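Colleague: coordinates only, sequence not included:
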DNA sequence: TCGCAGTTGTAACAAAAGGTACAGGTTAAT
DNA sequence: ATTAACCTGTACCTTTTGTTACAACTGCGA
């Protein structure tokens, strides 16, 4: 089970006891792209850890969406983590964007572990802290920056993330990340192209 | 020390050992209104627990502000909580709005405790979860609702909070809660008055 | 009681964002 | 090769939000 060893290493899990427990209750799952992992208003029963692939987590409201974050290897979604502490319904949506490998752990175990094993405790606490700070940044960004600035931030983050200046996303996908509409993105991108910051082509934006 | 007993009861702290530790390292402090508890870019050294009074926590950006949350008895500010897990600078501001009583705990203890004492663990975890969910709601609200809706939500929350339909805040204070400017709040309130939802007077808004 | 700092109202304008409508491009599947 | 589904560009218009500027009001303290 390479995936489990990979998990142990990535999360700095050192206790043999904990490893044994994870091996016995954890379920390895291959999820194809575009599958829902969590859905708004539905109960979360598993703590999902992303071993490979990518999960997009967002909120929606009628016809609009806004990106919250991506869960990448090796991480967990805070929302499913908070479900481990009190049975709860999801207030977000999560969907794989690529074929994804998960290790799923029934929520009830995670609570015990955080008290029993230092490394698990550290992992969960860190997850909370980082997620909170990320969300705080996102909130500030939304509160104080206009669409064009938010878009540029997003594009630059993508560039660093994927290590390429070519962002392969359609305008409507971008709109759903930024929290606006397709037309606004199209117009904003055109402006950015005129000012020589980007170069546009079909389903692709090049950062200059 | 009534304050400490009050704290133990409110946080469901049952372990005698933990009580002893809190009593020995905790510092009781009376803070007058309008004092900074945490400041952006400054290090957080204490975990502050609000026993009585109220602390306003917000973010700012040049000339704009936006409210994050209030810390009320008996709670702690998540940001100072996350500082207990890794020495960090604050990304928010916190200021007392009333004369406030705090119990301050040096950050290094809080980490140990969360592993050593179940009730402390529970308290910190719950604090994280609730704060995260609150922020998520705020984010969604900001992303999808216009100023008038956000304002009404805020006013209604205040009404419930203080159990009175009279909200005693100036327009510029409201602007800083909502994340907009004074003029916009004035105009929006006038509209709301015309539609018979509120009644305006000096430094007071009555919800009808 | 006077003056001052903070508050409120509002007109006029500017900028940002959203919505409608439609033309035309690209791709993938049949 | 044709079609259907999706993508892009843009003109035009509306709504929302922000800015500037100024007049008038309120309440407190000297």
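Modeller: Looks like it arrived, so ask away. Note that the structure is a prediction, hence the values are computed from the model and not measured. Residues are numbered from 1 along each chain as shown, chains lettered A, B, ... in the order given.
Colleague: Wasn't residue A:111 part of a helix?
Modeller: Yes - counting by DSSP: H, G, I helix; E, B strand; the rest coil, residue A:111 is located in a helix.
Colleague: separation between it and residue B:118?
Modeller: Separation of residue A:111 from residue B:118 (C-beta to C-beta, to the nearest Å) stands at 10 Å. The way it works is simple: take the backbone N, C-alpha and C, and place the C-beta from them, glycine included.
Colleague: who's in contact with residue A:11?
Modeller: Contacts of residue A:11 were listed using C-beta atoms under 8 Å, 6 or more residues apart in numbering or on different chains, and they are A:74, A:119, A:123.
Colleague: quick one: the strands in chain A?
Modeller: Secondary structure of chain A (DSSP state E): strands located at A:27-31, A:36-38, A:46-52, A:55-61, A:64-71, A:75-76, A:93-96, A:100-106, A:166-167, A:198-201, A:204-207.
Colleague: Could you dump the ones you listed into JSON lines with distance to DNA strand C and mean pLDDT added?
Modeller: Formatted as JSON lines, the strands of chain A follow (distance: least, C-beta to the nearest atom of the strand, whole Å; pLDDT from 0 to 100):
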{"stretch": "strand A:27-31", "distance to DNA strand C": "20", "mean pLDDT": "94"}
{"stretch": "strand A:36-38", "distance to DNA strand C": "22", "mean pLDDT": "92"}
{"stretch": "strand A:46-52", "distance to DNA strand C": "24", "mean pLDDT": "92"}
{"stretch": "strand A:55-61", "distance to DNA strand C": "11", "mean pLDDT": "93"}
{"stretch": "strand A:64-71", "distance to DNA strand C": "8", "mean pLDDT": "93"}
{"stretch": "strand A:75-76", "distance to DNA strand C": "30", "mean pLDDT": "90"}
{"stretch": "strand A:93-96", "distance to DNA strand C": "19", "mean pLDDT": "93"}
{"stretch": "strand A:100-106", "distance to DNA strand C": "21", "mean pLDDT": "93"}
{"stretch": "strand A:166-167", "distance to DNA strand C": "14", "mean pLDDT": "96"}
{"stretch": "strand A:198-201", "distance to DNA strand C": "8", "mean pLDDT": "95"}
{"stretch": "strand A:204-207", "distance to DNA strand C": "9", "mean pLDDT": "96"}
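Colleague: Dump the ones you listed to TSV, plus distance to chain B.
Modeller: Shown next, in TSV, are the strands of chain A (distance: least, C-beta to the nearest C-beta, whole Å):
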stretch	distance to chain B
strand A:27-31	24
strand A:36-38	13
strand A:46-52	14
strand A:55-61	4
strand A:64-71	5
strand A:75-76	13
strand A:93-96	12
strand A:100-106	17
strand A:166-167	22
strand A:198-201	24
strand A:204-207	23
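Colleague: Among those strands, which comes closest to residue B:13?
Modeller: strand A:46-52 (27.0 Å; C-beta to C-beta).
Colleague: and that closest one, what does it pack onto?
Modeller: Applying 3 or more C-beta pairs under 8 Å, 6 or more residues apart in numbering or on different chains; DSSP states H and E, we find strand A:46-52 packed against helix A:2-10, strand A:75-76, helix A:78-83, strand A:100-106, helix A:107-116.
Colleague: Could you say which of the ones you listed is packed most deeply?
Modeller: Of these, the one with the most neighbours on average (mean count of other C-beta atoms under 10 Å in any protein chain shown) is helix A:78-83, at a mean of 25.
Colleague: so what does it touch, helix or strand wise?
Modeller: Judged by 3+ C-beta pairs under 8 Å, 6+ apart, helix A:78-83 is in contact with strand A:46-52, helix A:107-116, helix A:118-144, helix B:118-144.
Colleague: what does the helix or strand bottoming out on mean pLDDT in chain A rub up against?
Modeller: For chain A, using mean pLDDT, DSSP states H and E, the weakest element among its helices and strands is helix A:78-83, scoring a mean of 83. Helix A:78-83 is contacted from outside by A:38, A:43-44, A:46-48, A:57, A:88, A:90-92, A:94, A:107, A:110, A:124, A:127-128, A:131-132, B:128-129, B:132-133, using C-beta under 8 Å, 6+ apart.
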